[in-house]
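Undergrad: no sequence on this one, just coordinates:
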Ligand SMILES: NC(=O)c1ccc[n+]([C@@H]2O[C@H](COP(=O)([O-])OP(=O)(O)OC[C@H]3O[C@@H](n4cnc5c(N)ncnc54)[C@H](OP(=O)(O)O)[C@@H]3O)[C@@H](O)[C@H]2O)c1
């Protein structure tokens, strides 16, 4: 029986890259999306190919910011696969408009906190309870993991999108909290912290980042790709870090380094 992963926001971008890498290592997948059903089905079909037709992938629409949708999503995994080995909290949004912190409104703040922080916080709570039940029922072969996709914005102050930065700083703490609480149950929790990654989210600022990267923003002078994040998740999924939890894995081309 294949292990099972639930990836939120896997219709596009980083989530799709993660799904693909997990398919390659033999995970069955639940591909969650918010509104883009065609893209989610495309991820599913690509993953089945990447998994050499030996994996099963299903799509499930759910808005992670809505409590009833989170319950339905977890119930979908339970009914479809009967188990869950890996939760990847990836779904996230940027502000619709970048606005100066002295001007930005509450509507954008509430939207970002609800999707980027409250959604994964309570989805993880639901999944963690179920994983604890599963650890009691299953043998020692069951080694569940939870991954949280944060951002370099967890510690980098961009005062034209403070709402986004605050939401990502929040999920960074969330990873530590769940890591501390779940270790006794053998459930490991990791924060994966992407740098600048080429997706729809960064499309509108491509020219700006092209110039910054060429000018030395990151020691590794290239855009990150969704697969770069996918490979880090695959390392966690393969249990390659069994004595670590609450760890921050920077996948940022070295952006976090201070140099002199
Ligand atoms: N790109 C970067 O440079 C970068 C850097 C650091 C961190 N990140 C983080 O990485 C994650 C993925 O970003 P990305 O660049 O891949 O973004 P993206 O290309 O815009 O894709 C966003 C994904 O999230 C889904 N989504 C949005 N709102 C949702 C909701 N309420 N419920 C469920 N799913 C929802 C979207 O589904 P639909 O297709 O249905 O809309 C889509 O699959 C985010 O958490 C982001 O903050 C990105």
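TA: Looks like it came in fine. Being a predicted model, the structure only gives us computed values, none of them experimental.

Undergrad: can we go C-alpha only for contacts and neighbour counts from here?
TA: Fine.

Undergrad: just for the stretch 101-250 of the chain, where's the confidence low?
TA: Across the stretch 101-250 of the chain, not a single residue meets the criterion (pLDDT under 70).

Undergrad: so residue 257 is in which element?
TA: Element membership for residue 257, per DSSP states H and E: none, as it lies in no helix or strand.

Undergrad: how many neighbours does residue 94 have?
TA: The burial metric for residue 94, expressed as a neighbour count using other C-alpha atoms under 10 Å, is 17.

Undergrad: quick check, it in a helix?
TA: No. Checked against DSSP: H, G, I helix; E, B strand; the rest coil, residue 94 lies outside a helix; its state is coil.

Undergrad: Hmm, residue 113 and it touching each other?
TA: No. Here residue 94 does not reach residue 113: they are 10.6 Å apart, not a contact under C-alpha atoms under 8 Å.

Undergrad: Identify the contacts common to those two.
TA: Taking C-alpha atoms under 8 Å, 6 or more residues apart in numbering as the contact criterion, the common neighbours of residue 94 and residue 113 are residue 164.

Undergrad: which stretches of the stretch 51-200 of the chain form helices?
TA: Along the stretch 51-200 of the chain, the stretches classed as helices by DSSP state H, counting those that start in this stretch are 67-81, 106-112, 119-137, 162-182.

Undergrad: okay, the ones you listed in JSON lines with distance to the ligand and mean neighbour count next?
TA: Compiled in JSON lines, these are given as follows (distance: least, C-alpha to the nearest ligand atom, whole Å; neighbours: other C-alpha atoms under 10 Å):
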{"stretch": "helix 67-81", "distance to the ligand": "9", "mean neighbour count": "16"}
{"stretch": "helix 106-112", "distance to the ligand": "9", "mean neighbour count": "16"}
{"stretch": "helix 119-137", "distance to the ligand": "8", "mean neighbour count": "18"}
{"stretch": "helix 162-182", "distance to the ligand": "7", "mean neighbour count": "21"}
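
Undergrad: Format those as TSV; extra columns: distance to residue 222.
TA: Output for the helices of the stretch 51-200 of the chain, formatted as TSV (distance: least, C-alpha to C-alpha, whole Å):
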stretch	distance to residue 222
helix 67-81	36
helix 106-112	28
helix 119-137	29
helix 162-182	23
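
Undergrad: so which of these comes closest to residue 60?
TA: Taking C-alpha to C-alpha as the measure, the helices of the stretch 51-200 of the chain were each checked against residue 60, and helix 67-81 came out nearest at 6.8 Å.

Undergrad: quick one: the closest one to helix 119-137, angle?
TA: Here the directions of helix 67-81 and helix 119-137 differ by 40 degrees (axes from the mean of the first three to the mean of the last three C-alpha atoms, to 10 degrees).

Undergrad: elements contacting helix 67-81?
TA: With contacts defined as 3 or more C-alpha pairs under 8 Å, 6 or more residues apart in numbering; DSSP states H and E, the secondary structure elements packing on helix 67-81 are strand 57-61, helix 119-137.

Undergrad: Including distance to residue 209, could the ones you listed go into a markdown table?
TA: Formatted as a markdown table, the helices and strands packed on helix 67-81 follow (distance: least, C-alpha to C-alpha, whole Å):
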| stretch | distance to residue 209 |
| --- | --- |
| strand 57-61 | 32 |
| helix 119-137 | 28 |
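
Undergrad: Tell me, how many residues neighbour residue 239?
TA: By other C-alpha under 10 Å, the residues close to residue 239 number 14.

Undergrad: Excluding chain neighbours, give the residue nearest to it in space.
TA: Here the nearest residue to residue 239 in space, its sequence neighbours aside, is residue 143; by C-alpha to C-alpha, 6 or more residues apart in numbering that works out to 7.9 Å.

Undergrad: Can you name the residues of this structure sitting close to the ligand?
TA: The chain comes close to the ligand at residues 8-15, 33-36, 62-65, 90-93, 115, 149-151, 194-202, as judged by C-alpha under 6 Å from any ligand atom.

Undergrad: Please convert the buried members of those residues into PyMOL selection syntax.
TA: Buried members of the residues of the chain next to the ligand can be picked out in PyMOL with the line below, counting by 16 or more other C-alpha atoms under 10 Å:
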select buried, resi 8+9+10+11+12+13+14+15+33+34+62+63+64+65+90+91+92+115+149+150+151+194+195+196+197+198+199+201
